[in-house]
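[1] structure for this input, please:
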Amino acid sequence: MTCFISVSCSSNSESTNSSVPAGDCPEQPIQVVVSVDQWGDIVEQLAGDCATVTTVIESSKVDPHDYEPTTGDAAKFTDAELVVVNGMDYDPWATKIVATLNPEPPVVDAGKVAGLSDGENPHVWYGPDYVFEFASAVTAELSKLSPKAAEYFTAQADSWNTSMQPYRDEIASIKASYSGSTYAATESVLDYMAVALGLKDVTPAGFAAAAANETDPSPGDVASFGKLIKAGTADVLIYNVQTVGALPEQIRSAADQVKVPTVEVTETVALGATSFEQWQVEQLEALSAALKASL
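    Sure thing, here's the model as predicted:
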């Protein structure tokens, strides 16, 4: 059995989400630029009518790790009053562009908000606690930039928090039912979420380190991965569809042969998803189904 979820981005970077309160902003909207759409949707919902949000990377066909900005991308930052980045060397191009601006706008760095350091897993948006800490930081910065709209931003944040309840519920459900289950991953994208769910990572350490450093794993690490899959050591395989190649496909094929369920995840918002919450919940539901199938 293979659990499947296909992903790409479909959100409109300059529209508001219907799950947050509508209404006129009491001040001129703030110009906000967000590096990647994982955070862009959340910022849109928190800002509502009180900001024009431009998100630079909005396609699942792009690997954010290797992204090279165009002149047009750099131009999007020109009038930014607030910039939002992931940080942790995930989107260094955005930070470099900000450094060329005069004056430099304030920056909300998701990695720094989470208290993480460069060199750690940069997939911050997969950590539930980090997501809510990030939202609080964005709301605080928006309120600082537009004090007359502070109450509006508080209402936006409250509405967004309410819209995230299915996300909280799915996390709690998986943790209650499957905590202690094992997984192996072709790339570390889901690791923060896995910790929150109580799952155990059995990916060979050398393989995981090579994937994190975007280098080739040793033949021994590849062999170890294949052995643990065949032995059933991993209850599920987590497969990042945005970092494909011969080796990940080889591992997936091995999992399929021994009926280890595969859960497809990506780094950017899923095709057809109207919000961060929907994207994440659909992936969590796929993970839950895979864990159930592994029993």
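
[2] once you drop chain neighbours, what's closest to the residue nearest the centre of the chain?
    Nearest residue to the geometric centre of the chain (C-alpha atoms, centre = their mean): Trp125, 3.8 Å. Leaving aside its chain neighbours, Trp125 sits nearest to Gln38 (4.3 Å; criterion: C-beta to C-beta, 6 or more residues apart in numbering). Any C-beta I mention is one placed from the backbone N, CA and C, and that applies to glycine too.

[3] what residues are up against the one you found?
    86, 125, 267-269, 276 (C-beta atoms under 8 Å, 6 or more residues apart in numbering).

[4] Three-state assignment for it, please.
    Classification of Gln38 using DSSP: H, G, I helix; E, B strand; the rest coil returns helix.

[5] tell me the pLDDT of it.
    If you check Gln38, the pLDDT there is 96.

[6] equivalent analysis for Ala293, please.
    Note on Ala293: pLDDT of 97.

[7] check Thr266 too.
    The model reports Thr266 with a pLDDT of 86.

[8] what of the one 4 residues further on?
    Model confidence at Ala270, given as pLDDT, is 82.

[9] again, but for Ala75
    So, for Ala75, pLDDT stands at 97.

[10] for the stretch 151-295 of the chain, which spans come out with low pLDDT?
    Within the stretch 151-295 of the chain, no range satisfies pLDDT under 70.

[11] 90 instead, please
    Where the stretch 151-295 of the chain drops to pLDDT under 90, the residues are 213-214, 241-245, 266-268, 270-274.

[12] ok, which stretches of it are helices?
    With DSSP state H, counting those that start in this stretch as the criterion, the stretch 151-295 of the chain has helices at 165-178, 191-197, 205-212, 219-231, 246-257, 276-293.

[13] show me what the last one is in contact with.
    Contacts of helix 276-293 from elsewhere in the structure, counted by C-beta under 8 Å, 6+ apart, are 1, 3-5, 7, 19, 38, 41-42, 45, 125, 131, 163-164, 166-167, 170-171, 173-174, 177-178, 181, 193, 197, 235-236, 261-265, 269-270, 273.

[14] which parts of the stretch 1-150 of the chain are helices?
    37-47, 71-75, 92-99, 110-113, 128-145, 150-163.

[15] list the buried ones in the first one?
    Going by neighbour count (16 or more other C-beta atoms under 10 Å), the buried part of helix 37-47 is 37-47.

[16] same check, this time on the second one
    By neighbour count with 16+ other C-beta under 10 Å, helix 71-75 contains the buried residues 73-74.

[17] kindly report the same for the fifth one.
    Neighbour-count burial for helix 128-145, counted by 16+ other C-beta under 10 Å, picks out 128, 130-135, 137-139, 141-143, 145.

[18] equivalent analysis for the third one, please.
    Along helix 92-99, the positions that meet the burial threshold by neighbour count (16+ other C-beta under 10 Å) are 93-95, 97-98.

[19] that helix - contacts with which helices or strands?
    With contacts taken as 3 or more C-beta pairs under 8 Å, 6 or more residues apart in numbering; DSSP states H and E, helix 92-99 sits against helix 71-75, strand 82-85.

[20] looking at the ones you listed, which is closest to Ala210?
    strand 82-85 (25.8 Å; C-beta to C-beta).

[21] quick one: strands adjacent to that closest one?
    strand 30-36 (parallel), strand 107-109 (parallel) (DSSP bridges).

[22] turn those into a markdown table, including distance to Ala209 and mean neighbour count.
    As requested, the strands paired with strand 82-85 are exported to a markdown table (distance: least, C-beta to C-beta, whole Å; neighbours: other C-beta atoms under 10 Å):
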| stretch | distance to Ala209 | mean neighbour count |
| --- | --- | --- |
| strand 30-36 | 24 | 26 |
| strand 107-109 | 24 | 20 |
